[in-house]
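Engineer: Sequence below, structure please.
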Amino acid sequence: MFSEEKRVLLVDSDVYVRGKVKMPVDAPSFLYVVADISGYRGRALLPVFHPMVLGFNAGFVFWNPSKVELDFLNKITEDYLLQVQNEFWTEQAAWSALAGRADSKGAFNGRDVCNMGGLQKRSPQEVKENVTKWFGRNDPVDDPSVIEKIVEGTSVVHFPGPGKRWIGDFATPRDDADQVRTLRWEPVENANFFERGLLALRMAWSNRQ
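Structural biologist: The predicted structure is shown next:
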């Protein structure tokens, strides 16, 4: 649909933009929000035969449509995604595989674009630092002051899953909402051999549910 465009920005309905922002002029082909886990679903052979990135969350994605190869997307859909009964998270697996083929990809800086999901696994500091965790569990966050510190200074907040409970209190404008801020980002690499093995195991486990 947007093959003639240089860049497209996808924004989920549970994303709140807290003030005026500008996309970086040096943005890579895929620029995305980092999730707490690599929450993908599909046949476990997908990360074995195709490079993928970790923690791709599709809530706020800035990408180059020319890098979306429809033949490849159709192939991995037929070979790895349509066979699972529960399609939840197969979209993010497809995004991850598309990004894995791109020469350049990156993640938004967590201090600019914040993903409020995964606080049961990540500490507030890990949320800010875009940490993806395979294991671990933290106590549920019930203290609004903790959420306030995470959101403080951010320009874009994603409230996925359990994070939706905080929308009413923290979908609020920045103090300098009229000032234009350029969103920062960091480059990311494809999952290494060991991480791809962990992805395959996780996807095999998810398919049992």
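Engineer: would you list every one of the helices in this protein?
Structural biologist: Ranges of helices in the chain, per DSSP state H, are 46-49, 70-76, 90-101, 124-128, 144-151, 167-170, 193-206.
Engineer: among the ones you listed, which is nearest W63?
Structural biologist: Judged by Cβ to Cβ, the one of those that comes nearest to W63 is helix 90-101, at 8.3 Å. All C-beta atoms are positioned from the backbone trio N, CA, C, and that covers glycine.
Engineer: does G100 really touch P51, like I thought?
Structural biologist: Yes: between G100 and P51 there is a contact under Cβ atoms under 8 Å: 3.6 Å.
Engineer: out of those two, which sits in the more crowded spot?
Structural biologist: Using other Cβ atoms under 10 Å, the more surrounded residue of G100 and P51 is G100, with 20 against 16.
Engineer: which residues does the more buried one contact?
Structural biologist: Neighbouring residues of G100 by Cβ atoms under 8 Å, 6 or more residues apart in numbering: 50-53, 190-191.
Engineer: give me that answer again for 6 Å
Structural biologist: When contacts are counted by Cβ atoms under 6 Å, 6 or more residues apart in numbering, G100 touches 51-53, 190.
Engineer: Any figure for the gap between it and V157?
Structural biologist: Per Cβ to Cβ, to the nearest Å, G100 is found 27 Å from V157.
Engineer: Would you point out the helix or strand in this structure whose mean pLDDT is lowest?
Structural biologist: helix 124-128 (a mean of 83; mean pLDDT, DSSP states H and E).
Engineer: Residue nearest the middle of this structure, spatially speaking?
Structural biologist: N57 (1.9 Å; Cα atoms, centre = their mean).
Engineer: which residues does that one form a beta bridge with?
Structural biologist: For N57, the beta-bridge assignment (DSSP bridges) gives partners V33.
Engineer: Quick check: end-to-end length of stretch 74-86?
Structural biologist: One end of stretch 74-86 to the other measures 18 Å (Cα to Cα, to the nearest Å).
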